[in-house]
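Q: Got a sequence here, can you model it:
(one chain, ligands or ions: 1)
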Amino acid sequence: EKDGYAHYMEKEIHEQPRALRNTMTGRIDETGQKVIFPNLQLSSRSVKQIEKIYIVACGTAYHAGLIGKHVIESLAQIPVEVDVASEFRYRRPLFAKNTLTIAVSQSGETADTLAAMREAKRNGSAVLAITNVVGSSIAREADDVITTNAGPEIAVASTKAYTSQLIAFYLWGMYLAQQKATMAPQEIAALLGKLKELPEQVAEILTHAKQLRHFAESIKDERQLFFIGRGIDFAVSMEGSLKLKEISYIHSEAYAAGELKHGTLALIEEGTRVIALSTQDALHEKMISNITEVKARGANVLGITHEDHLDLHRTVDDVCLIPKTDALLSPVLSVIPLQLIAYYTSVVLGNDVDRPRNLAKSVTVE
Ligand code: F6R
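A: So this is what the prediction gives:
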């Protein structure tokens with residue numbers, strides 16, 4: 001049942017190309033130029049009227065929501081707030097007219113996410129669920145559902161569910177942009193073209209997966225690590241840090257690179273391991289200077305970037321290259337090495353990779 005893989009997590013990491021194709025299937029019209037959601041209940045008129053979006057979720061799904069905010073704000077120009085569901089449900093959020101709430105949940109059963117979406121409904125908000133489980137509580141109670149169709153996820157550490165949630169956000173962001181006419185049809189067609197290349201690009205990264213095992217060997221005795229990035233790379237850093245913590249039990253922290261000097265830089269000393277993401281052209285120079293700051297305090301840095309930023313070699317100790325795509329789509333690629341680092345670190349430490357201590361796959365209690 002693990003198809004020859006040692007763990008479900010490894011299998012699910014390798015299933016991502018197929019999972020991502022499945023999330024796209026049936027949602028791009030036959031010309032390849034437009035996003036379609038054939039079963040949407042929300043009328044095209046009410047979609048056009050959306051003025052504000054809340055995204056509510058927990059854990060990895062929350063991290064997907066952070067990317068969703070970048071995507072929706074930049075493609076459809078609708079303001080988005082992302083909340084951890086357990087915070088949202090108790091914080092008395094303000095609901096203006098024409099608010100859409102998006103609940104993101106792999107299992108569709110997470111108690112806090114369900115409660116947060118009920119709170120939104122009670123306040124008159126339409127609710128869209130992004131979930132991997134058809135017929136789950138969250139899917140049943142939402143007004144509309146985008147199923148991610150990634151197939152069952154068994155490992156506690158979420159991998160293919162996250163990347164398929166990202167695909168759902170790209171499609172939904174483009175759909176909103178079509179309705180609101182915030183993107184030209186050619187821009188949508190071009191972005192869809194890049195989206196369709198992602199499964200192949202993920203497969204390409206996975207052919208070199210084993211190389212990250214050496215990196216995992218080199219960090220296994222660390223007490224702490226840092227992940228740094230800016231913008232969308234910061235959101236991916238948070239996901240990489242969570243993955244590493246939950247299955248290797250090594251403490252790590254994700255930091256917005258520009259915030260380092262406001263406190264965390266004090267923790268960087270000779271040999272501190274840092275993983276730095278730099279996939280955004282517009283932020284690359286800024287990342288180089290932040291990496292230089294940690295290098296000056298003795299950090300040992302792995303840089304994750306694409307071929308246009310090979311100059312990174314001059315600043316970091318090691319480089320992990322990923323294929324180039326549109327800046328907004330880069331999380332689907334940059335998270336793959338982070339998943340592999342977490343996976344191999346857990347393996348070399350001899351941990352129970354698929355069933356990390358203290359955690360459950362589906363958190364149906366508050
Ligand atoms: C981390 C992980 C958890 C879940 C979270 C939400 O790898 O899997 O953080 O993402 O418990 O679960 P769902 O998406 O089922 O609501």
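
Q: Can you pull the residues of this protein lying near the ligand?
A: Residues of the chain lying close to the ligand (CB under 6 Å from any ligand atom) are 58-61, 105-107, 110, 113, 157-158, 242, 246, 362-363. Every residue, glycine included, has its C-beta placed from N, CA and C.

Q: From those, which land in strands?
A: Among the residues of the chain next to the ligand, the members falling in strands (DSSP state E) are S105.

Q: Now list the buried members of the residues of the chain next to the ligand.
A: 58-61, 105-107, 110, 113, 157-158, 242, 246, 363 (16 or more other CB atoms under 10 Å).

Q: Which member of the residues of the chain next to the ligand is positioned nearest F37?
A: S105 (18.6 Å; CB to CB).

Q: The closest one touches D112, doesn't it?
A: No: the criterion here is CB atoms under 8 Å, and S105 misses it with D112 at 9.6 Å.

Q: Give me the common contacts of the two.
A: C58 (CB atoms under 8 Å, 6 or more residues apart in numbering).

Q: tell me the secondary structure for the residue nearest to K160 when sequence neighbours are not counted?
A: Nearest non-adjacent residue to K160, counting by CB to CB, 6 or more residues apart in numbering: A19, 4.2 Å away. Three-state call for A19 (DSSP: H, G, I helix; E, B strand; the rest coil): helix.

Q: who's in contact with H251?
A: With CB under 8 Å, 6+ apart, H251 has these contacts: R223, Q224, L225, K245.

Q: In a strand, the third one, correct?
A: Read that as L225. Yes: read with three-state DSSP, L225 is one of the residues of a strand.

Q: thought it was touching Y255?
A: No: using CB under 8 Å, L225 is not in contact with Y255; the gap is 11.0 Å.

Q: chain center to stretch 99-109, what's the gap?
A: Here stretch 99-109 is found 15 Å from its chain centre; the criterion is CA atoms, centre = their mean, to the nearest Å.

Q: With stretch 91-99 instead?
A: 25 Å.

Q: Likewise for stretch 162-173?
A: 9 Å.

Q: can you give me the helices in the stretch 101-250 of the chain?
A: 111-122, 137-141, 160-180, 185-207, 211-219, 232-248 (DSSP state H, counting those that start in this stretch).

Q: and the last one with helix 160-180, angle?
A: Spelled out, that is helix 232-248. 160 degrees (axes from the mean of the first three to the mean of the last three CA atoms, to 10 degrees).

Q: Got the confidence number for I322?
A: On pLDDT, I322 comes in at 97.

Q: Helix or strand: which one has the nearest residue to it once chain neighbours are set aside?
A: Leaving aside its sequence neighbours, I322 sits nearest to L333 (CB to CB, 6+ apart; 4.6 Å). L333 is part of helix 331-348 when elements are defined by DSSP states H and E.

Q: okay, that helix in CSV with CA atoms only?
A: Only the C-alpha atoms of helix 331-348 are listed here, as CSV (Å, rounded to 0.1, in the frame of the first residue of the first chain):
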residue,chain,number,x,y,z
PRO,A,331,5.7,28.1,-3.4
VAL,A,332,4.6,24.9,-5.1
LEU,A,333,8.2,24.3,-6.1
SER,A,334,10.1,25.8,-3.2
VAL,A,335,8.2,23.8,-0.5
ILE,A,336,9.3,20.5,-2.1
PRO,A,337,12.9,20.6,-0.8
LEU,A,338,11.6,21.7,2.6
GLN,A,339,9.3,18.7,2.8
LEU,A,340,12.2,16.5,1.8
ILE,A,341,14.5,18.0,4.4
ALA,A,342,11.9,17.4,7.1
TYR,A,343,11.3,13.9,5.9
TYR,A,344,14.9,12.8,5.7
THR,A,345,15.8,14.4,9.0
SER,A,346,13.0,12.4,10.7
VAL,A,347,14.3,9.3,8.9
VAL,A,348,17.9,9.7,9.9
